[in-house]
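**Student:** after the sequence you'll find the predicted model.
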Amino acid sequence: MNFKELISKKISDHTNLDECKVFELLEVPPKPELGDFAFPCFLLAKELKKSPAEIATDLTSKIKENFIEKVEAKGPYVNFWIKKEILVKNVLESLEENIVLDKKDKILLESPGPNTNKPLHLGHLRNMLLGVSNKKILNYLGHEVIPVDVVNDRGIHICKSMLAYKLFGNNETPESSGMKGDYFVGKYYVKFAEEVKNNPELEDQAKEMLKLWEEGDEETLDIWKKMRDWCLAGFKESFKNFDVVHEKSYYESETYKAGKEIILNGLENGLFEKDEDGAIIANLEDKGLGKKVLLRADGTSIYITQDIELARQRFEDYNMDRIVYIVGSEQIHHFKVLFEILKMLNFPFADKCHHLAYGMVYLPDGKMKSREGTIVDADNFKSDMVKMAKLEVKERYPDLNDDELNTRADMIASAAVNFFILKYDAHKDFVYDPKQSLSFTGDSGPYIQYTHARICSIQRKANLNPENINYSLLELDSERNLINKLEDFKDIILKSAENYRPSLIANYLLELSQLFNNYYHETQIIIEEKELMNARLFLINKIKYVLNNGLSLLNIKAPEEM
RNA sequence: GAGCCUGUAGCGCAGUCUGGAUAGCGCGAUUGCCUCCUAAGCAAUAGGUCGUGGGUUCGAAUCCCAUCAGGCUCGCCA
């Protein structure tokens, strides 16, 4: 039953406005003492040549419905109260029903697209969290999500770490040095940056190495394969650590050449042009995007060359309805250009591409620089959080055994990290403040977990009888606030899926938790009056359901105890 | 020079798409609350020219124009 529709119809009957217009205007008042719905009368004022307040009073006297408890004019607004029992029953009983969409899509999700020359850093972490969370949100609505990756495993930056290893590595391996593979490779990337300061000709040597690589020089390929595999093995561990799975990974080393043909065909067909230096370019000036080089003057391919091929290949592999690229916002222009070029090429998937751009993660000292080692990498960041969480748990519950301690610390640390990063709107830059991220109070993942654990604790002490709930007993303001909030749950999920915004869910769960904790303090749930207690137990069970499911969409576990 | 993003309390943010009632939340500060379902909690107080200036509107943090500040980007990097 949709009360908003019913009320809209009723108001429409008594005014000149059509039902849809009324529906649009009808709002939920900012405060519960103003009713469940409110209709502002400003629009009618002009037409009827009466003050909005007068119209409100007028309208109020005309509306009577059996599901409406009370209609009241309050200034220029008509406020509606739905009969509590009907409203509450309606909200709580429909909460766990599935959301049914008209159309379920097959969606490719690209994340996080690492380079095989250094470990994953905080930016990748943000990327991975956005990937995992968006996948869960889309899955929740019944879409099929195919997580894929693109691995940038070739190019000059890769050769830099290779060269440093060749010159200074002494056949050291991750095993012999006891390092995780991606850190091991990253060590040589940093080494190169250090050495090149005193020896600038290393730059040329790296370029030379790239040339050898492209020519298929055996020794170079050997180093490349070795280091690439070390790095990928390291990523595999990290991905597991952050619950990242891929159905397929695409490697730039395998696709970089194939894009050329598409470009050359495009040139033949007159889609693209050759400029005076011999580079092949796409003219996108009429789109306000300037000109874009697609193939270098020397005939070698660049990033966009392989991106075009990659898109084609993926569509061939999966014939998806949509593809979402989770890539930093510094590449907004790149993707605008890419999507335009896919259109020029008449690829059928050109208008199904979406770039989910996310902002920079800064450290208090400034931007992270992997070449200078001023970087917080994802693995160490996470393990520091777990250590910190362990101390917090131990302090509160000194008697826990090690297993339980580790489980809880892990769960809490994940919650802290995921929430801290996902609560920001993706397109915003933010500063990663180590101190703040280690705080488990206030607006944080652990706060929501704690709320969940509190509900579980009550449930261990009193049994709910889900039959014969007397909804009319839930009449406190705090209970109404909670029920109103629960009613929003599905809309929030739909909205966050529509715009790929897990942050909406994060903030929603926070608000719900705040309402519950307030309720918890002011109201005793386990009480003598069985009927009232049962109604309250029913309510908090629904809150638990929403917290549990909502947290899961952020890839955060909801603990029974904390 | 052009494009995109951001600007809301001391600090960090939500709200802006889709205009509506007294602009919310967290941290920090001050003050209360554990004989009572988990105090990783709750309540209260203090803290606001919603960057600035115009415009549209009965009504603007929200829409439009201008402007300032910061960030990102703009054919052969990824």
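**Tutor:** Okay, I see it.

**Student:** name the nearest residue to A:Glu561, ignoring sequence neighbours.
**Tutor:** Take A:Glu561 and drop its neighbours on the chain: the residue closest to it by Cβ to Cβ, 6 or more residues apart in numbering is A:Ala453, 5.6 Å away. Any C-beta I mention is one placed from the backbone N, CA and C, and that applies to glycine too.

**Student:** and A:Gly35, backbone torsions?
**Tutor:** Dihedral pair for A:Gly35: phi 100, psi -180, per degrees, to the nearest 10.

**Student:** neighbours around it, how many?
**Tutor:** When counting by other Cβ atoms under 10 Å, one arrives at 21 neighbours for A:Gly35.

**Student:** could you do the one 5 residues further on as well?
**Tutor:** With neighbours defined by other Cβ under 10 Å, the count for A:Pro40 comes to 16.

**Student:** tell me the contacts of it?
**Tutor:** A:25, A:27, A:52, A:76-77 (Cβ atoms under 8 Å, 6 or more residues apart in numbering).

**Student:** most neighbours, which of those?
**Tutor:** Top of those by neighbour number is A:Tyr77, holding 22 neighbours under the definition other Cβ under 10 Å.

**Student:** next, that residue: phi, psi?
**Tutor:** Per degrees, to the nearest 10, the backbone of A:Tyr77 is at phi -110, psi 150.

**Student:** distance of the one residue in the stretch 51-200 of chain A that gets nearest to RNA strand B from A:Leu6?
**Tutor:** The minimum distance from the stretch 51-200 of chain A to RNA strand B, using Cβ to the nearest atom of the strand, falls at A:Tyr77 (3.5 Å). According to Cβ to Cβ, to the nearest Å, A:Tyr77 stands 18 Å off from A:Leu6.

**Student:** skip the chain neighbours and tell me the closest residue to A:Val196.
**Tutor:** Of all residues not flanking A:Val196 in the chain, A:Leu202 sits nearest, at 4.6 Å (Cβ to Cβ, 6+ apart).

**Student:** sorry, that was for A:Glu273
**Tutor:** Nearest non-adjacent residue to A:Glu273, counting by Cβ to Cβ, 6+ apart: A:Ile281, 5.9 Å away.

**Student:** let's verify that neighbour: helix, strand, or coil?
**Tutor:** strand (DSSP: H, G, I helix; E, B strand; the rest coil).

**Student:** and it, how many neighbours does it have?
**Tutor:** Per other Cβ under 10 Å, the neighbour tally for A:Ile281 reads 18.

**Student:** also the one 3 residues further on?
**Tutor:** The number of residues packed near A:Leu284 is 16, by other Cβ under 10 Å.

**Student:** swap in the one 10 residues further on?
**Tutor:** Number of residues near A:Leu294 (other Cβ under 10 Å) recorded here: 26.

**Student:** picking that back up, which pLDDT value goes with the residue nearest to A:Glu561?
**Tutor:** A:Ala453 is assigned 97 on the pLDDT scale.

**Student:** could you verify that it is part of a strand?
**Tutor:** No - using three-state DSSP, the secondary structure at A:Ala453 is helix, not a strand.

**Student:** test my guess that it contacts A:Lys557.
**Tutor:** No - in this structure, A:Ala453 is not within contact of A:Lys557 by Cβ atoms under 8 Å, at 11.0 Å.

**Student:** flag every residue of the stretch 351-500 of chain A that's near RNA strand B.
**Tutor:** A:359-360, A:367, A:389, A:392-393, A:396, A:408, A:412, A:423-425, A:427-431, A:436, A:439-444, A:446-447, A:450, A:453-454, A:456-458, A:461, A:495, A:499 (Cβ under 7 Å from any atom of the strand).

**Student:** if you set the cut-off to 6 Å instead, what comes out?
**Tutor:** Within the stretch 351-500 of chain A, the residues that sit near RNA strand B (Cβ under 6 Å from any atom of the strand) are A:360, A:392-393, A:396, A:412, A:424-425, A:427-430, A:440-443, A:446-447, A:450, A:453-454, A:457-458, A:461.

**Student:** before we move on, back to that, for the residue nearest to A:Val196, what are its contacts?
**Tutor:** Contact analysis of A:Leu202 by Cβ under 8 Å, 6+ apart lists A:163, A:192, A:195-196.

**Student:** out of those, who's nearest A:Leu120?
**Tutor:** The shortest approach to A:Leu120 among these belongs to A:Phe192, at 19.2 Å (Cβ to Cβ).

**Student:** name the helix or strand for that closest one, please.
**Tutor:** Per DSSP states H and E, A:Phe192 falls inside helix A:181-198.

**Student:** buried set for that helix?
**Tutor:** By 16 or more other Cβ atoms under 10 Å, the buried positions in helix A:181-198 come out as A:181-193, A:195-196.

**Student:** again, but for stretch A:305-318
**Tutor:** A:305-315, A:318.

**Student:** can you give me the neighbour number for A:Lys387?
**Tutor:** As a burial measure, A:Lys387 scores 13 neighbours (other Cβ under 10 Å).

**Student:** which SSE is it in?
**Tutor:** A:Lys387 belongs to helix A:378-396 when assigned by DSSP H and E.

**Student:** next SSE after that helix?
**Tutor:** helix A:402-422.

**Student:** which strands or helices does that next one pack on?
**Tutor:** With contacts taken as 3 or more Cβ pairs under 8 Å, 6 or more residues apart in numbering; DSSP states H and E, helix A:402-422 sits against helix A:122-140, helix A:378-396, helix A:434-437, helix A:445-461, helix A:502-522.

**Student:** okay, strands next: where are they in the stretch 201-350 of chain A?
**Tutor:** Taking DSSP state E, counting those that start in this stretch to define them, one finds strands in the stretch 201-350 of chain A at A:248-251, A:273-274, A:280-283, A:291-295, A:322-328.

**Student:** and those as TSV, adding mean pLDDT?
**Tutor:** Putting the strands of the stretch 201-350 of chain A into TSV (pLDDT from 0 to 100) gives the following:
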stretch	mean pLDDT
strand A:248-251	96
strand A:273-274	93
strand A:280-283	94
strand A:291-295	93
strand A:322-328	96
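
**Student:** nearest to RNA strand B, of those strands?
**Tutor:** Distance to RNA strand B, taken as Cβ to the nearest atom of the strand, is lowest for strand A:291-295 among the strands of the stretch 201-350 of chain A, at 2.3 Å.

**Student:** give the buried residues for that closest one.
**Tutor:** Those would be A:292-295, for strand A:291-295 by 16+ other Cβ under 10 Å.

**Student:** which ones among those also lie next to RNA strand B?
**Tutor:** With respect to RNA strand B, and counting by Cβ under 6 Å from any atom of the strand, the subset of the buried residues of strand A:291-295 in contact is A:292-293.
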